[in-house]
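**Student:** Give me the fold of what follows.
(2 chains)
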Amino acid sequence: MLIKRRFEELEELRGKGFEPYAYSFAVDSNSEDVKANFIENSEEKRTVKIAGRIMAIRRMGKASFAHLQDMKGRVQVYLRKDDIGDSYDAFKLMDIGDIVGIEGYVFKTKTGEISVHVTDLQLLSKSIRPLPVAKETTDEHGNKVVHDQFVDKELRYRQRYVDLIVNSTIKDTFIKRSRIISAMRNYLDAKGYLEVETPILQPLYGGASARPFMTHHNSLDTDLYLRIADELYLKKLIVGGFDGVYEISKDFRNEGMDRTHNPEFTMMELYVPYKDYVWMMQFVEIMIQNICTVVFGKIDFVYEGKNISFKSPWKRVSMVDVIKEKTGLDILKGTNEELKETAKKYGVDILKAEGRSKLIDELFSVTVQPELIEPSFVVDYPLDLSPLAKKHRTINGLVERFEGYVAGREICNAFSELNDPIDQRDRFEGQVRLREEGDAEAHQIDEDFIRALEYGMPPTAGLGVGIDRLVMLLTDQSSIRDVIFFPQMKPEVNQ
RNA sequence: GGGCGCGUAGCUCAGGGGUAGAGCAUCUGCCUUUUAAGCAGAGGGUCGGUGGUUCGAGCCCACCCGCGCUCACCA
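**Tutor:** Numbering: from 1, shown residues only, chains lettered A, B, ... in the order given. So this is what the prediction gives:
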């Protein structure tokens, strides 16, 4: 088939003395630079060496045009038999997808496209699989129209390398992702917080409510878990005396997958001693604004057609108030019966949401959360949903916790960290009871963490930011799979 | 895990019981400023898989595999 044909071409090229897999090529320019630095009607011809993948070929006998694609985009090149001789015959054996290096001078064609007139052509890598190339045209309004674009989601995710070659716009999202993380890291570093690494393989998992992945260490003959959060280890480092630590890394949760959940996902967790959640709210607001400005040069965005501005101040509402406002129910004073009634009224499945706090959480998700479009902090959560957060300093039954919401989605979660070892043990024991009642996501008791708290942990503010979701928000992507290079898929059975 | 939808050439898609189709890509010939280059010709398919119904199955039925959307769960 097609691949076989390409093998033949490859051997033919080798026969002609063209090594199809070169060792290097001294690039001194790129597609963007060639076009940006072209001087109209210049006496002097500018010579450049560029390398890239052939994405289109238009052959006209003894001369051809082709488009080369590099990291910066595409540029047209012009090849003539008169100029390159034998290389032109070799070029006839080259295909869309081949990677070549060229030397030539920059000129403008009759139709006005800045191009490179090739004086030397080298094959750098022969492609033996046909690329699903789309063609682009411009309609009467000057809009770019792509014909037969490579759109099969399964193929795009499984063969992301192909997706990246042929769908040039997606590359941009991933570049943005990388820059968002860099900007965050730079910001945290500038504040003097130390980036650290803690174990991914853990004998106990903790720091969140989730089911873990399990693995086994052979020489220790021990079951280990892939972490579901970094939290407990990072707080142990705060006990150790660091002035603020953070970690940007993968967490793993063995749960359902959908457009906002991938089994492995990237989280940033930050812990700052001597601060509380009020301080952290301010911090998050400014950090996000900073990232937006550095990466995008703006703080106003559109997500799924909705306008979102990260301008200060973000709305701050307490969970109690916002639920009361929406449903008329005071979750602190209302009886269990009233709560159940209200929940039912708003369509909460009260059989699934067992326990008062879970019911409140569910009621919140259904009634309030979808309406939190502009950046908002929801403050003060029911105590038993948050076994690692400090009790509220004035309101009984709540903890000092906030979540940031944008476009109806949670983007961060933070609390004044619980540093009372006796209270922490009580809370863990509450989780054990939940586990005994069948809650597979309840926390395990981490004795070493309690021991660390017993040595004394300063009052600390902690924060977790879901990086993938932040990237989705800022790049207007509706599926987490479109901000992760290689989203989790079932294994291919055979090729 | 449930519901809905999809799977046909390398890619994008038609075809819904009676000889497997189109455009792009590929191959051959012509063509030294083209740009979805053009002109003339050609090749290319286990129609996701396995069974079944039928004289006959991409097409109808069952099961399986994969993907998407969605619900449940979660960040």
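
**Student:** Packing partners of the longest strand belonging to chain A?
**Tutor:** Longest strand in chain A by number of residues, with DSSP state E as the criterion: strand A:47-60. Applying 3 or more C-beta pairs under 8 Å, 6 or more residues apart in numbering; DSSP states H and E, we find strand A:47-60 packed against helix A:31-36, strand A:63-70, strand A:73-80, strand A:99-108, strand A:114-125. Just so you know, the C-beta spots here come from the backbone N, C-alpha and C atoms, and that holds for glycine as well.

**Student:** in the stretch 301-450 of chain A, which spans are strands?
**Tutor:** For the stretch 301-450 of chain A, applying DSSP state E, counting those that start in this stretch gives strands covering A:306-309, A:315-318, A:376-382, A:398-406, A:409-416.

**Student:** Kindly report the same for the stretch 101-250 of chain A.
**Tutor:** For the stretch 101-250 of chain A, the strands defined by DSSP E, counting those that start in this stretch occupy A:114-125, A:135-138, A:144-147, A:194-195, A:201-202, A:214-217, A:222-226, A:245-252.

**Student:** On the strand side of things, show who residue A:217 bridges to.
**Tutor:** Counting by DSSP bridges, residue A:217 is bridged to residue A:222.

**Student:** Contacts only, for it.
**Tutor:** By C-beta atoms under 8 Å, 6 or more residues apart in numbering, the contact list for residue A:217 reads A:201, A:223, A:224.

**Student:** The first one: neighbouring residues, count only.
**Tutor:** Taking other C-beta atoms under 10 Å as the neighbour definition, residue A:201 ends up with a count of 11.

**Student:** Leaving out chain neighbours, which residue sits closest to it?
**Tutor:** Nearest non-adjacent residue to residue A:201, counting by C-beta to C-beta, 6 or more residues apart in numbering: residue A:224, 4.5 Å away.

**Student:** That neighbour and RNA strand B, how far apart?
**Tutor:** 19 Å (C-beta to the nearest atom of the strand, to the nearest Å).

**Student:** Now that that residue has come up, it's in contact with residue A:215, right?
**Tutor:** Yes: the criterion here is C-beta atoms under 8 Å, and residue A:224 meets it with residue A:215 at 5.3 Å.

**Student:** Looking at these two, which one has more neighbours?
**Tutor:** Per other C-beta under 10 Å, whichever of residue A:224 and residue A:215 has more neighbours is residue A:224, with 19 against 12.

**Student:** Just the pLDDT for that one.
**Tutor:** Residue A:224 carries a pLDDT value of 94.

**Student:** quick one: low-confidence parts of the stretch 201-350 of chain A?
**Tutor:** A:349-350 (pLDDT under 70).

**Student:** Would you map the helices across it?
**Tutor:** A:231-239, A:277-296, A:319-327, A:336-345 (DSSP state H, counting those that start in this stretch).

**Student:** hey, which of those is tucked in deepest?
**Tutor:** helix A:231-239 (a mean of 22; mean count of other C-beta atoms under 10 Å).

**Student:** Can you pull the residues that touch both of residue A:224 and residue A:215?
**Tutor:** If you check residue A:224 and residue A:215 against C-beta under 8 Å, 6+ apart, the residues they both contact are residue A:201.

**Student:** Residue A:257 and residue A:263 touch, don't they?
**Tutor:** Yes: taking contacts as C-beta under 8 Å, residue A:257 lies within contact range of residue A:263: 6.4 Å.

**Student:** Return every residue with contacts to both of the two.
**Tutor:** Common neighbours of residue A:257 and residue A:263 (C-beta under 8 Å, 6+ apart) are residue A:488.

**Student:** Now residue A:273. Nearest residue, chain neighbours left out?
**Tutor:** Closest to residue A:273 by C-beta to C-beta, 6+ apart is residue A:458, at 4.1 Å.

**Student:** OK, contacts around the one you found?
**Tutor:** Contacts of residue A:458 (C-beta under 8 Å, 6+ apart): A:238, A:273, A:274, A:419.

**Student:** Likewise for residue A:255?
**Tutor:** With C-beta under 8 Å, 6+ apart, residue A:255 has these contacts: A:210, A:211, A:261, A:263.

**Student:** okay, now the third one: neighbour count?
**Tutor:** Applying the criterion other C-beta under 10 Å, we find 14 residues in the vicinity of residue A:261.

**Student:** Report the beta-bridge partner residues of it.
**Tutor:** Bridge pairing for residue A:261 - DSSP bridges - gives residue A:258.

**Student:** State the three-state secondary structure for residue A:462.
**Tutor:** Following DSSP: H, G, I helix; E, B strand; the rest coil, residue A:462 is assigned to strand.

**Student:** I figured it was touching residue A:269, is that so?
**Tutor:** Yes: judged on C-beta under 8 Å, residue A:462 makes contact with residue A:269 at a distance of 7.0 Å.

**Student:** any residues in contact with both of these two?
**Tutor:** A:231, A:234.

**Student:** Which pLDDT value goes with residue A:352?
**Tutor:** 58.

**Student:** Equivalent analysis for residue A:493, please.
**Tutor:** Residue A:493 is given a pLDDT of 63.

**Student:** Check the gap between residue A:305 and residue A:177 for me.
**Tutor:** 22 Å (C-beta to C-beta, to the nearest Å).

**Student:** Those two: which has the busier surroundings?
**Tutor:** Taking other C-beta under 10 Å, residue A:305 and residue A:177 do not tie; residue A:177 has more neighbours (23 against 7).

**Student:** Which secondary structure element is home to the nearest residue to that one once chain neighbours are set aside?
**Tutor:** Using C-beta to C-beta, 6+ apart and skipping the chain neighbours, the partner closest in space to residue A:177 is residue A:471 (4.6 Å). Assigned by DSSP states H and E, residue A:471 belongs to helix A:467-475.

**Student:** From the contact counts, what lies against that helix?
**Tutor:** By 3+ C-beta pairs under 8 Å, 6+ apart, helix A:467-475 packs against helix A:168-190, strand A:264-273, helix A:277-296, strand A:300-303, strand A:409-416.

**Student:** Now with 7 Å, please.
**Tutor:** Judged by 3 or more C-beta pairs under 7 Å, 6 or more residues apart in numbering; DSSP states H and E, helix A:467-475 is in contact with helix A:168-190, strand A:264-273, strand A:409-416.

**Student:** The last one relative to strand A:398-406, how many degrees between them?
**Tutor:** Using axes from the mean of the first three to the mean of the last three C-alpha atoms, to 10 degrees, the direction of strand A:409-416 lies 150 degrees away from that of strand A:398-406.

**Student:** So what touches strand A:409-416?
**Tutor:** A:276-277, A:280, A:284, A:386, A:389-390, A:399-405, A:461-466, A:469-470, A:473 (C-beta atoms under 7 Å, 6 or more residues apart in numbering).

**Student:** Try it again at 8 Å.
**Tutor:** Under C-beta under 8 Å, 6+ apart, the answer for strand A:409-416 is A:260, A:276-277, A:280-281, A:284, A:369, A:386, A:388-390, A:399-405, A:459-466, A:469-470, A:473.
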